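Peer 1: Okay, sequence plus prediction incoming.
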Amino acid sequence: MSKAAKSPRATSTSASDTTESTAGTRAAAQRLKMRRELAAAAMELFATKGYEATTVDEIAAAAGVARRTFFRHFRSKEEAIFPDHDDTLVRAEAVLNAAPPHEHPLDTVCRGIKEVMKMYAASPAVSVERYRLTREVPTLREREIASVARYERLFTRYLLGHFDERDHHDGNDDPLLAEVAASAVVTAHNHVLRRWLRAGGQGDVEAQLDHAFSIVRETFGSGIGARPAQAPQPAPQTVSSAPAGTAALASTAQDVVIAVARTDAPLDEVMRTIRQALTKS
C-alpha cells in the first residue's frame, strides 16, 4: 500500500504560520532596536544640553527619524529614558509562568526579578547615567517609581494567587506574608541595584543580589504557606527592638506590619527588623 501523500493545504498552512512567526519576531527586534536608538539619542542630548532644554524634535533628528516615528515608540521624552521596561516585564512574567512545580514560589519571584537586573547590567554606562538623571529630574524619578511598581504588582499577584488557593480560614496569614514578601524581593533588588549604580556599575552585582535574596528567603521562605497553630489573639501594638536607623511596628489586631528604615541601612538589618516584628505580632 502506498503511503498517503501529505496534504498540500496542511503543508501550506504550516509554512504560512512559520513565515508569520518569523516576520513577527523580526518586527519585534526592529521595534526594540529603534526604541534603544531613540533612547540613546535622548540620553546623549540630556547629558549635553540638559533634560529640560531637549525637545522631542531634537531627539528624533539625532536618531535620524521623523517626529512621528518617535511618537510611534514613546508617548513622551520621559518615557524614552526607559525603553526596555515593557519587554523586561514580559520576560519576568514568562519566568513565573514557566516555573517548575517543585520550586518554592519565593525562589521563582527572585528569579523573575533578575530579569530586571539583567536589563540594567547589559549597559552599565547607560544605566549609571540614567540613575544620575533620575536623581536630578523629579519627572523621571516618578516615571521610574511607576515602572518599579509594575514589577511589584506582578510578583504580588503571583504569590497571592499561589498561596490563596491553599487554604481559606480565619487567622491565615498567607496573604499578608505573600504581599510583604513580594515587596521585600523588590526592595532587596532595588537596594542592590542602587548600590551598584552608585559604584559606577562596578562589582559582582549578581553575587550581591543572590546574597540579598538569601536574606529575604530566610525571613519569609518558611513562613509563607504555614498554617498557624491557633488564631492570633488581639494584643497591644508592639515596637520591636531594631538596629540603629530602623524601626518596625506590628499590630496583630489589624494584621499590619510597618517597617521604617534609612535608605543607607544594611539590607540584613532591614529584614531582621521585619522578621522581629512578625515574630512579636
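Peer 2: Arrived safely.
Peer 1: and the helix or strand that contains Ala207, what other elements does it pack with?
Peer 2: Assigned by DSSP states H and E, Ala207 belongs to helix 205-220. Here helix 205-220 touches helix 105-121, helix 174-198, helix 267-280, going by 3 or more CB pairs under 8 Å, 6 or more residues apart in numbering; DSSP states H and E. For every residue, glycine as well, the C-beta is placed using N, CA and C.
Peer 1: between that helix and helix 174-198, how many degrees?
Peer 2: On the basis of axes from the mean of the first three to the mean of the last three CA atoms, to 10 degrees, helix 205-220 is oriented at 160 degrees to helix 174-198.
Peer 1: could you dump helix 205-220 to PDB, C-alpha only?
Peer 2: Extracted in PDB, the C-alpha atoms of helix 205-220 (Å, rounded to 0.1, in the frame of the first residue of the first chain):
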ATOM      1  CA  VAL A 205      26.100  42.500  41.100                       C
ATOM      2  CA  GLU A 206      24.800  39.000  40.600                       C
ATOM      3  CA  ALA A 207      26.600  37.800  43.800                       C
ATOM      4  CA  GLN A 208      25.300  40.800  45.700                       C
ATOM      5  CA  LEU A 209      21.800  40.100  44.500                       C
ATOM      6  CA  ASP A 210      22.000  36.400  45.500                       C
ATOM      7  CA  HIS A 211      23.100  37.400  49.000                       C
ATOM      8  CA  ALA A 212      20.200  39.800  49.300                       C
ATOM      9  CA  PHE A 213      17.700  37.200  48.200                       C
ATOM     10  CA  SER A 214      19.100  34.700  50.700                       C
ATOM     11  CA  ILE A 215      18.200  37.200  53.400                       C
ATOM     12  CA  VAL A 216      14.600  37.500  52.000                       C
ATOM     13  CA  ARG A 217      14.300  33.700  51.900                       C
ATOM     14  CA  GLU A 218      15.500  33.300  55.400                       C
ATOM     15  CA  THR A 219      13.000  36.000  56.600                       C
ATOM     16  CA  PHE A 220       9.900  34.800  54.700                       C
END
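Peer 1: Which positions in that helix come out as buried?
Peer 2: 205, 208-209, 212-213, 215-217, 219-220 (16 or more other CB atoms under 10 Å).
Peer 1: sorry, back to before: possible to save the helices and strands packed on helix 205-220 as CSV with mean pLDDT, distance to Ala23 and mean neighbour count?
Peer 2: Output for the helices and strands packed on helix 205-220, formatted as CSV (pLDDT from 0 to 100; distance: least, CB to CB, whole Å; neighbours: other CB atoms under 10 Å):
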stretch, mean pLDDT, distance to Ala23, mean neighbour count
helix 105-121, 93, 25, 20
helix 174-198, 89, 35, 21
helix 267-280, 65, 45, 20
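Peer 1: can you pull the contacts of Ala181?
Peer 2: Contacts for Ala181 (CB atoms under 8 Å, 6 or more residues apart in numbering) come out as 106, 109, 159, 216, 220, 224.
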